[in-house]
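J.: Quick one, structure for this:
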Amino acid sequence: WTSTAVTTADPLASPAAATATTASTAPLVPRLQRVLERHDETADTVTLTLAPPDGGHEERPEPGQFAMLSAFGLGEVPISYSSVDGPGGEVAHTVRAVGAATAALAAARPGDLLAGRGPYGTGWDLRGASGRDVVVVAGGIGLAPLKGLIDAVQADRDRFGSVNVLVGARTPGDLCFARRLREWSVRGDVEVAVTVDRLGDPADPWPGAIGVVTTLLDNACFDPAGATAYVCGPEVMMRATVRALAERGVDLPDVQVSIERSMSFERS
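T.: Okay, the predicted model is just below:
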């Protein structure tokens with residue numbers, strides 16, 4: 001997930017600097033992006049729907065890829081695409097405010113301009129999962145880079161066997177895409193299970209499971225010998241999940257992981 005490139009200008013100085021390059025389609029060149037919609041996922045995490053302000057179309061990313069998003073004057077950060085299939089070429093990024101740049105991005109409102117470049121990285125391989133069961137295991141904001149994959153599976157549902165979406169979060173208040181999880185559940189063609197490590201606000205009752213996300217594998221129905229698994233979340237969660245999948249009988253080459261915290265774009 002590391003790319004190497006040469007850049008010749010500072011794209012983060014101002015919106016005007018990014019405007020000068022919006023006509024370019026090269027993934028190395030920052031382009032302006034207008035915030036169309038903003039949705040609060042948790043207390044510190046938002047999903048921003050973006051599109052070029054001139055109505056042009058960007059290179060369509062694949063689920064699992066990422067972009068370098070810029071907060072003018074504060075720097076740029078790698079953020080996965082949480083949606084890649086907007087009818088007008090819109091994409092979405094889910095941003096957690098953990099530093100100056102991500103806090104500025106998370107504070108963006110509809111109409112604001114950001115800069116971004118990409119897509120970068122290797123997307124999830126869904127072609128190899130055709131005709132197989134699909135197991136998606138997400139921890140916390142790790143559901144964001146998996147959301148586009150789940151959307152792609154549902155858009156071509158007949159290609160796959162059983163589909164299990166297993167999601168874990170620290171507390172109920174840390175669950176991202178709660179509305180979409182409900183939508184996936186009611187469709188009936190995807191099995192969705194959610195757990196939390198511990199209860200949060202006592203005034204907000206949690207009717208679901210309590211425990212680490214790997215416990216959800218116990219009740220998931222899939223054929224280990226014919227399943228492809230996709231995993232994203234904190235490193236400790238991914239290590240435990242890969243071990244649990246292997247113990248269940250899933251071959252390690254059939255497990256794909258996304259080490260989102262290690263995404264980078266190196267300049268040389």
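J.: Dump stretch 207-218 to PDB, restricted to CA.
T.: Provided in PDB are the C-alpha atoms of stretch 207-218 (Å, rounded to 0.1, in the frame of the first residue of the first chain):
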ATOM      1  CA  PRO A 207     -29.600  -5.200  23.200                       C
ATOM      2  CA  GLY A 208     -26.900  -7.000  21.300                       C
ATOM      3  CA  ALA A 209     -23.900  -9.200  22.000                       C
ATOM      4  CA  ILE A 210     -21.000  -8.200  24.200                       C
ATOM      5  CA  GLY A 211     -17.600  -9.600  23.500                       C
ATOM      6  CA  VAL A 212     -14.700  -9.400  21.000                       C
ATOM      7  CA  VAL A 213     -15.600  -9.700  17.300                       C
ATOM      8  CA  THR A 214     -14.000 -13.100  16.900                       C
ATOM      9  CA  THR A 215     -16.800 -14.600  19.100                       C
ATOM     10  CA  LEU A 216     -19.200 -13.900  16.200                       C
ATOM     11  CA  LEU A 217     -17.500 -16.500  14.100                       C
ATOM     12  CA  ASP A 218     -18.900 -19.200  16.400                       C
END
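J.: Just give me how far that stretch sits from the chain centre.
T.: 21 Å (C-alpha atoms, centre = their mean, to the nearest Å).
J.: go on, stretch 222-229?
T.: With C-alpha atoms, centre = their mean, you get 22 Å for stretch 222-229.
J.: before we move on, what about stretch 164-174?
T.: 14 Å.
J.: With stretch 42-51 instead?
T.: Going by C-alpha atoms, centre = their mean, where stretch 42-51 is centred and where its chain is centred differ by 11 Å.
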